[in-house]
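[1] Based on what follows, work out the 3D shape:
(one chain, ligands or ions: 1)
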Amino acid sequence: MPVPLHTTGKASFDHIYDRADPREYYARMSELDYRIPELAKPFFEQQIREYRASARVCVPTVLDIGCSYGVNAALLRTGATIGELAEHYRDGGESGRHALIARDRARLAEDDRCPDIRFLGMDAARPALAYAREAGFLHDFVHADLEASDPTEEQRRVLASADIVISTGCIGYVTEKTLARIATAHPRRRPWMAHFVLRMFDFAPIEQELAALGYRTEQAPGLFEQRRFASADERQQVLNTLADKGIDTTGREAEGWLYAGLYLSRPLPAPGDDA
Ligand SMILES: C[S@@+](CC[C@H](N)C(=O)[O-])C[C@H]1O[C@@H](n2cnc3c(N)ncnc32)[C@H](O)[C@@H]1O
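    Numbering: from 1, shown residues only. The predicted structure follows:
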């Protein structure tokens, strides 16, 4: 069956984002060698380390936007690779959702690599969030589409507790609208941000919106493999988009992989703040 494409030209996986458990998500992503959360992990760990040192916060709160089934939290907390997680859910075989949740909870109870981090998730897909919360990967979540509307007061309070906002595979689905709503959830305190963004999406509008809120953004050196193209159609459309933007895809997307850059945004200290 042909892989449906979004209007952006990227393959659409919307049908696997809102299943009751993550088996299909990991199975499909593993077929495409989806690896951006794995490559992102050391960079997120570094942001968390630096935040701890700079803000002198013992238990920082990390908000993963477009977190799906708690993918980044699962990688950071269990120490598993994305391949091992895919295997873990493949091994789940015929077990039902409850059995998978029990297995995930038992694994975290035995070995949680991040007992001193509070993990929040935000996503537009409620079943994925519910799984991530019940499996123990997330301490709390916000089910919202902040592209469409402001957070409710209750959602705003949860978002306002974030110290660091991270994402993989989410920018493009969400824009500066969502990020500005998250950045301003707290009336004064602005969270740090670290987003892995496909080269087909322009980070400039987000950077500008965040700059107006007092942020400075830097692109970290390097490009990161996200996944293989899902079809020849997707490849052609994405290569066309990148060519239109004047981006050289030689040795990168032209070889069959989508690539992402890492954008780091931090609030500039307000005048009179200690450096
Ligand atoms: C490609 S998946 C990435 C999931 C996970 N971060 C990962 O890297 O494995 C994109 C996620 O963005 C979510 N999403 C799409 N539109 C959204 C929106 N407007 N607000 C929040 N999440 C959204 C989808 O439900 C899906 O879980």
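[2] From H6, how far out is F201?
    Distance of F201 to H6, given as Cβ to Cβ, to the nearest Å: 12 Å. Using the backbone N, CA and C atoms, a C-beta is placed for each residue, glycine as well.
[3] Please say which of those two ends up with more neighbours.
    Set side by side, F201 and H6 show more neighbours around F201, with 20 against 14, by other Cβ atoms under 10 Å.
[4] Skipping its backbone neighbours, what lies nearest that one in space?
    Nearest non-adjacent residue to F201, counting by Cβ to Cβ, 6 or more residues apart in numbering: G172, 4.4 Å away.
[5] quick one, strands of the stretch 101-250 of the chain?
    Using DSSP state E, counting those that start in this stretch, the strands of the stretch 101-250 of the chain run over residues 118-123, 140-143, 164-168, 192-198, 215-219, 224-228.
[6] Those: which one's closest to R77?
    Among the strands of the stretch 101-250 of the chain, strand 118-123 comes nearest to R77, with 7.3 Å by Cβ to Cβ.
[7] Tell me the helices and strands packed up against the closest one.
    strand 61-65, helix 71-78, helix 126-134, strand 140-143, helix 153-160 (3 or more Cβ pairs under 8 Å, 6 or more residues apart in numbering; DSSP states H and E).
[8] Recalculate using a threshold of 6 Å.
    The contact analysis (3 or more Cβ pairs under 6 Å, 6 or more residues apart in numbering; DSSP states H and E) places strand 118-123 against strand 61-65, helix 126-134, strand 140-143.
[9] Go through the ones you listed and pick out the most buried.
    strand 61-65 (a mean of 26; mean count of other Cβ atoms under 10 Å).
[10] which residues are contacting it?
    The contact list for strand 61-65 (Cβ atoms under 6 Å, 6 or more residues apart in numbering) reads 72, 117-122, 161-167, 170.
[11] ok, now stretch 66-84?
    By Cβ under 6 Å, 6+ apart, stretch 66-84 touches 22, 25, 35, 37-38, 41, 64, 112-114, 119, 121, 123, 128, 131-132, 137-138, 167, 170.
[12] What about the ligand: which of those touch it?
    For the ligand, the contacts drawn from those by Cβ under 6 Å from any ligand atom are 37, 123, 128, 170.
[13] I'd like a version of those in CSV, one that adds pLDDT as further columns.
    Listed next are those as CSV, based on pLDDT from 0 to 100:
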residue, pLDDT
P37, 98
D123, 98
A128, 98
C170, 98
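[14] Since that was my last question, I'll sign off now.
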